[in-house]
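**Student:** Need a 3D model of the sequence below.
(chains A and B)
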Amino acid sequence: MARDLSFRVAVLFSFLFFGFINFVCCNNERRVGDALETDFSGLSVPLEHSFELDDTAKFVVRGTLLLKTGREPSVALSQNPLSEEDRVKLKEVAEVDGLYRIRVPRVSLQADRQTEWQVDGYLTAFVRACAMVESHLSDVITLHTDVSGYLIGVSIVTIPGACRGTKVEDEVDLEVFNTTLSIMAPVNAPGPETSLFLERMEQETEKKGKNPQEQKSFFAKYWMYIVPLVLFLMMSGAQDQSGGGASGRAAAA
Amino acid sequence: MAKLILLLLNWIFLCCNVAAVFEDQVGKFDWRQQYVGKVRFSHFDSHMQSSKKVLLASESNVFAALNTRTGELFWRHVDKTGPEGNIDALLQHGQDAVLVIGNGHLLRSWDIGVGGMNWEMVLDPGSFRSACLVGHQGAVKHLAVLKKTVISLHYLSNGHQKWVENLPESETVDFQAVYSGGNGEVYALGVVPNSHLAIVVYSLEDGEITKQVSVEAPWLSSIPASCSVISRGLLTCVDSTTMSLYTLDLHLQLEMTQIPLQALLASFATAGEKTVVAVMAPKNKTACSINLFSAETGRRLLETTLIFTVDPNGGKPEKLHVQAFLKKDDSVGYRVMVQTEDHTLTFIQQPGRVMWTREEALSDVVTMEMVDLPLTGAQAELEGEFGKKADGLMSMVMKRLSSQLIMLQAWIAHLWKLFYDARKPRSQVKNDVSIENLSRDEFNLQKMMVLVTASGKLFGIDSKTGDILWKHYLENIPLNAAFKLMVQRTTAHFPHPPQCTLLIKDKDTGLATLHVFNPIFGRRSQVTPPALPQPILQSLLLPLMDQDYAKVLLLVDDQYKVSAFPSTKNVLQQLQETASSIFFYLADSGQGRLSGYRLRTDLSTEQVWEVVIPTETQKIVSIKGKRSNEHVHSQGRVMGDRSVLYKYLNPNLLAVVTESTDLHQERSFIGILLIDGVTGRIIHEAVQRKARGPVHVVHSENWVVYEYWSTKSRRNEFSVIELYEGMDLYNSTVFSSLDRPHAPQVLQQSYIFPSSISTMEATLTEKGITSRHLLVGLPSGGILSLPKMFLDPRRPEVISEQSREENLIPYAPELIIRTEWFINYNQTVSRVRGIYTAPSGLESTCLVVAYGLDIYHTRVYPSKQFDVLKDDYDYMLISSVLFALFFATMISKRLAEVKLLNRAWR
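**Tutor:** Numbers count the residues shown, from 1 in each chain, chains lettered A, B, ... in the order given. Take a look at the predicted model:
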């Protein structure tokens, strides 16, 4: 019980700590990046994660997603390294095959609904905590939007994705996230390609028109191929019919 | 040269895909059953003494004529579904039958002899109430149609309107019936509920109101529900609360007279001059007796009792249709068609002989499964030997010997039967199938079809002949029930009986019940299913088995608690061990929410992922996973340069289809999401713009095929998505959704399809070696077997050496329907709603059942019958060749020896 309490305190602490660092970090990011534009059409939402020994979801802030809204949405992430306690906890969770979950709030990336976001639910995803540990925190996070630019799903995978049971001795490996982040809008499914097909057909007819030699009938052109083929077919057919007799005769001879 | 090769290629494809039926194969491997649906109106054709027709109009908007001797269809007309084709009334006079269709929208006259249409008239708008024939001076020439506010008279010969009149006081009086007694007057009967009956009399000639009266009838609320006008203007009403019969002479319009009676069901019929009423009353639990009463006097007619035995596996009687006729001695004889709650029609003759029955419930099949038939006793004995644990050498030997003895015995019995049958004339040898002698054939081509119908009746049908082997009626099925049929234990686990479980869920409340039964005999299983007090959200059949080889069924209730069935200790232990690898998903299309859950060891669940599709722009219309019994033979495709392109074979992949809420033709779209059901990862997201549903989806192997309506080009289009891992496989031994970090390559192509479609399914074979075909049910009633080869996103637009090597067909935007691709030749399947495919024991053969209004079963061979010798295979020739060769070698060997010897002597 006592341990649990201290644990919780630690979590709380780290949360506060994170929040602080985060703030600073975000500020840094903004100063470094093209400050004006991101401020104007950007939207910053928290990326939260949770990994607990009993697999209950207790989300704490992992970093901040800077979503650039508009026609071509893009995304940037600023996140802080894992604290000492969290590293230990992550390893413990990995040992019991727990889950590492992330979540982002549901927001719209449309230009007219920006800057302010209300929480109307979250999108969650998970990987196995051991995969997170064994990949040394190299994860690939993809945000999916729908046609109107609403976030509909988030996915996380680690590279490599397998849990082989290899021990990560060096705690430093678990400090910094090596995140690849992308945002995916739906692709337009192709319709039937009629124009290309028609073009091709036209080209062929043109070709035919150009050299009248090819206007000859099919048989006239390819009789030399067809006659042997037909002969061959006939022969094989005949063999089927009189196979017994022929072989008998051959054997007798 | 290239052109020649192309032509040759085309020719080869043509040859490959010819799948037509030879004339002598018709009906050899296929059968069709045609149905009418739940009967609403029936009319026995009595204008000729020898006529054996009964006209039926059903709630499925079907109008048909049956042969009363055999119960077979003479002809059938299938109208539009829904209220547009709803049949409101059926009238018959002589050779003509008149239908009022679509709430009084259309008037149609049919010739009942051949089933051809005489004429059709469009009526004025107005809600339909009643219709009747109007006769005058012995000849029927007119037809009266009563609507809510007007009454109109039409000529029977051509449908033209003679006159139309408004009804008086139509705001207060609800006019519900119209009647004419053949004296130049038309009576419109209206009712003010629980008060009085209003009668308005019109003149036949010009539609003038000649009389208007009202009669007290405080018990009457609706005329069609309880009343009927019988001969000579006698209105007869049944009051079910007081169990009495009221009669009223319409010509005199006096008080109603009351006759008390004891009855369950009643039906009126006329034979010559006499009108009779047949009354059904329960006799005991299993039988009902039907008696005939004279309608004029209410006296019972002598010697008219008929016994109807109630099928214990059927429903209670619901309606009587009586065919009365005059016997030679001028007494009244009759036959009855009894309609029961399970939509069965039983035609009975005196004194209770069943002439035929029709299972009209089969016109509304909801879901089905095909179950292997059990092995014969001898085979099962042998199988059982392997199933048991080894117990000593001696006993094993004894067991083997005894089973061999049993097999020998069975073989001798079989030979004896053959010999015995051979002596009898051929016509007497009957191959009658009964439940007792059902056994699996060599190639497992004969199976038991278990069909679940919307009325709650279950059927077991032999797939070879189409005979109904068992039926079971489930009572108290809610009207809007959803059914899910699962095979928990197959026949492979002798001596445990096979077991099917039907989940019946009320769509409104979500409350569900389980019906566990043996699919071979249709009997309720010994196993008692658990009571489910909570609404059920999801059910899933796990590959885990209990000690009795029954697959475990998990049910998730609205508290996200999981219960298992069967829930033995063994099962719970297995579940605890594997809990962390059991994931499932829930979809809430109302909120656009897809969420994934993982099972915990204490059988509670935890949410692990969530994807939310905003409902403002699009709604989820269908979610398709893969079939669990599907096998994929090859992991990849060999390319033109001999490298392998590996398929992305994710068994947990879900294809989610969404439709836009905005239906404007420029802005409407269809969304296709491929989501991993375990991790919630969106594998692919595509949008088909300017497209609209209904979308039909087939999801199998590494591909998804969907069909939609293109609003821009106003045509139906097919699109195919294929997923490939690439040139090397990430992990070739096992697939895990948790460990597949790289997204697959996605290829997509679309085609124009010249017809709309009703349903779609893919063929399925035992090992997945045979190439796949798509079975497309068309609204025209054809079932098209479309090779998947034509729906291949790798079809090249420009032909190259490599694509030729790969046997890819050059891209053409249109998919052509070839007539030889129809697997049901002229056996039209009306209103096909679903196609079920099942593998057989032969790799080349796939069993297909198409169901809708009709049921059609056949076999398809997508790659032709590569593993079967043809019917006309010349065994004589091949054996004579073999023998000839054998002797020739012997002789030549001998000759060679002699020659050698001679040479040696020289």
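**Student:** The residue of the stretch 801-906 of chain B found nearest chain A and B:L895: what is the separation?
**Tutor:** Residue nearest to chain A within the stretch 801-906 of chain B (Cβ to the nearest Cβ): B:A888, separated by 3.4 Å. To be clear about C-beta, it is placed using only N, CA and C from the backbone, and glycine gets the same treatment. Distance of B:A888 to B:L895, computed by Cβ to Cβ, to the nearest Å: 10 Å.
**Student:** more crowded one of these two?
**Tutor:** B:A888 (16 against 10; other Cβ atoms under 10 Å in any protein chain shown).
**Student:** Average the pLDDT values over the one helix or strand that one maps to and round to the nearest integer.
**Tutor:** B:A888 is part of helix B:875-905 when elements are defined by DSSP states H and E. What helix B:875-905 shows for mean pLDDT is 95.
**Student:** Same question for stretch B:459-473.
**Tutor:** Here the average pLDDT along stretch B:459-473 is 90.
**Student:** Could you give the separation of it from the chain centroid?
**Tutor:** Taking Cα atoms, centre = their mean, to the nearest Å, one finds stretch B:459-473 lying 13 Å from the centre of the chain it belongs to.
**Student:** swap in stretch B:614-625?
**Tutor:** 27 Å.
**Student:** for the nearest residue to B:L842 once chain neighbours are set aside, what are its contacts?
**Tutor:** Spatial nearest neighbour of B:L842, excluding adjacent residues (Cβ to Cβ, 6 or more residues apart in numbering or on different chains): B:F443 at 4.7 Å. Residues in contact with B:F443, defined by Cβ atoms under 8 Å, 6 or more residues apart in numbering or on different chains, are B:840-842, B:845.
**Student:** cutoff 7 Å now
**Tutor:** Contacts for B:F443 (Cβ atoms under 7 Å, 6 or more residues apart in numbering or on different chains) come out as B:840-842.
**Student:** What is the burial count for B:E820?
**Tutor:** 13.
**Student:** Could you measure from the residue nearest to B:L842 over to B:S844?
**Tutor:** Taking Cβ to Cβ as the measure, B:F443 falls 10 Å from B:S844.
**Student:** between those two, what contacts are shared?
**Tutor:** In the contact map built from Cβ under 7 Å, 6+ apart, no residue is linked to both B:F443 and B:S844.
**Student:** all helices of chain A, in order?
**Tutor:** Secondary structure of chain A by DSSP state H: the helices cover A:2-32, A:35-41, A:84-95, A:129-134, A:194-210, A:218-252.
**Student:** same question but for the stretch 451-600 of chain B, I mixed them up
**Tutor:** For the stretch 451-600 of chain B, the helices defined by DSSP state H, counting those that start in this stretch cover B:569-578.
**Student:** Enumerate the residues of it near chain A.
**Tutor:** B:S580 (Cβ under 7 Å from any Cβ of the partner chain).
**Student:** Quick check: closest non-adjacent residue to whatever residue of the stretch 451-600 of chain B ends up closest to chain A.
**Tutor:** Nearest residue of the stretch 451-600 of chain B to chain A, counting by Cβ to the nearest Cβ: B:S580, 6.5 Å away. Take B:S580 and drop its neighbours on the chain: the residue closest to it by Cβ to Cβ, 6+ apart is A:D97, 6.5 Å away.
**Student:** ok, now which ones touch that neighbour?
**Tutor:** A:128, A:130, B:580.
**Student:** ok now stretch B:640-657, how far from the chain's centre?
**Tutor:** 32 Å.
**Student:** okay, now B:G841: neighbour count?
**Tutor:** 15.
**Student:** Spatially, which residue comes closest to residue 153, not counting chain neighbours?
**Tutor:** No chain was given, so I picked chain A. A:G153's closest residue in space is B:V611 (Cβ to Cβ, 6+ apart), at 4.0 Å.
**Student:** Not quite, go with chain B.
**Tutor:** Leaving aside its sequence neighbours, B:L153 sits nearest to B:K162 (Cβ to Cβ, 6+ apart; 4.3 Å).
**Student:** Mean confidence (pLDDT) on the helix or strand that neighbour falls within, please.
**Tutor:** Under the criterion of DSSP H and E, B:K162 resides in strand B:161-166. Strand B:161-166 carries an average pLDDT of 86.
**Student:** which helices and strands sit right next to it?
**Tutor:** Helices and strands touching strand B:161-166, by 3 or more Cβ pairs under 7 Å, 6 or more residues apart in numbering or on different chains; DSSP states H and E, are strand B:150-155.
**Student:** mind running it again at 10 Å?
**Tutor:** Packing contacts for strand B:161-166, counted by 3 or more Cβ pairs under 10 Å, 6 or more residues apart in numbering or on different chains; DSSP states H and E, involve strand B:139-147, strand B:150-155, strand B:196-203.
**Student:** Return the set of buried residues in it.
**Tutor:** For strand B:161-166, the neighbour count (16 or more other Cβ atoms under 10 Å in any protein chain shown) marks B:162-163, B:165 as buried.
**Student:** which stretches of the stretch 151-253 of chain A have low pLDDT?
**Tutor:** For the stretch 151-253 of chain A, the stretches flagged by pLDDT under 70 are A:170-172, A:211-216, A:238-253.
**Student:** which residues does residue 67 contact?
**Tutor:** Assuming you mean chain A. Under the criterion of Cβ atoms under 10 Å, 6 or more residues apart in numbering or on different chains, the neighbours of A:L67 are A:38, A:41-45, A:73-77, A:104, A:107-109, A:114, A:117, A:143, A:145, A:149, A:151, A:183.
**Student:** oops, I was thinking of chain B
**Tutor:** Contact analysis of B:N67 by Cβ under 10 Å, 6+ apart lists B:52-54, B:73-74, B:356.
**Student:** The same query, at a cut-off of 6 Å, please.
**Tutor:** For B:N67, the contacting residues are B:52, B:74, by Cβ atoms under 6 Å, 6 or more residues apart in numbering or on different chains.
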